[in-house]
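K.L.:
I would like the atomic coordinates for the input below:
(one chain, ligands or ions: 1)
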Amino acid sequence: MKGIPLNKLVHFLDAELCLSEFREDESANGLQVEGRTTVRKAGLAVDACEYVFRRAAEKEIDFLLVHHGLIWGGLKALRGVMRKRIKSLFDSEISLYACHLPLDRHPKYGNNARLLQLLSIKKMGEFGEYHGKKIGCWGRTAKELSLDEFTARIDNALQTRSSVVSFGKKVRTVGVVSGGGGFAINEAEKYGIDTFLTGEPSHSAYTLAEEMKVNLVFSGHYATETLGVKAVGEALEKRFGLAVEFIDHPTGL
Ligand SMILES: [Zn+2]
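P.N.:
Model prediction:
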């Protein structure tokens, strides 16, 4: 395969993922580390880390797209773990492209939009304001489900094991924020949400959920954030005929 120029791929992704609409993110979204000028194979992963970089090099990946990149709040000293990570990318000439909040909220490729689709929840609107933008979604199931039925659906679809706090309601109107979305519990009442799904358990969400009678489902930060990068990978395959591979490195958290 001939491959495509790195610049072309980066321009396509910057526009397609609407990076310019979301500048408030801590993550330096976009191309963080520049590698080979031609991309023949793209890798997808949730987290930028040594394990993923090693696997990417073994698989002869030129371009790695991740949800959690390496640069947060500006560039820090390149020492210790950071030095090793950057060296590993430079040694194998792999480009690193990060897309954090824009990938949570994206209507087509977003973690949250894809979670709704996967769980057969009809999207009704946006939900979960963070840095002035709603990054999650809320929607309705086709019929009322027990919390057990709903949790089994999630666990099967995401190959995860959710932890659940029931406040007695059946599941019909669901708010979803992937990853560490506990803050969004504040909006549950406004949208009539009976069940709130996020990745990481949130202690502070408990008493609010208790008083609002909203069920809490914590399905894992990692497990709720694999869908976005995979969706972008499908688009790269289709659009550029690129070979694409997902590198799974579950944290179980
Ligand atoms: Zn995350």
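
K.L.:
show me the contact partners of stretch 209-219.
P.N.:
147, 150-151, 154-155, 158, 160, 162-169, 171, 185, 188-189, 193-202, 205-206, 208 (CB atoms under 8 Å, 6 or more residues apart in numbering). In short, each C-beta sits where N, CA and C put it, glycine included.

K.L.:
for the top strand by length along the chain, buried residues please.
P.N.:
Assignment by DSSP state E gives strand 133-145 as the longest strand of the chain. With burial defined by 16 or more other CB atoms under 10 Å, the residues of strand 133-145 counted as buried are K133, K134, I135, G136, C137, W138, G139, R140, T141, L145.

K.L.:
show me what A45 is bridged to.
P.N.:
On the basis of DSSP bridges, A45 is bridged to V66.

K.L.:
how far away is it from H249?
P.N.:
Per CB to CB, to the nearest Å, A45 is found 6 Å from H249.

K.L.:
spatially nearest residue to V229 (excluding sequence neighbours)?
P.N.:
L44 (4.1 Å; CB to CB, 6 or more residues apart in numbering).

K.L.:
that neighbour: neighbour count?
P.N.:
26 (other CB atoms under 10 Å).

K.L.:
for the one 3 residues further on, same thing?
P.N.:
Using other CB under 10 Å as the criterion, D47 is surrounded by 18 other residues.

K.L.:
tell me if I'm right that it and L70 touch.
P.N.:
No. Applying CB atoms under 8 Å as the test, D47 and L70 come out as separate, 9.8 Å apart.

K.L.:
where in the stretch 151-253 of the chain is pLDDT low?
P.N.:
For the stretch 151-253 of the chain, no stretch has pLDDT under 70.

K.L.:
what about the helices in it?
P.N.:
Ranges of helices in the stretch 151-253 of the chain, per DSSP state H, counting those that start in this stretch, are 205-212, 227-240.

K.L.:
good, wrapping up.
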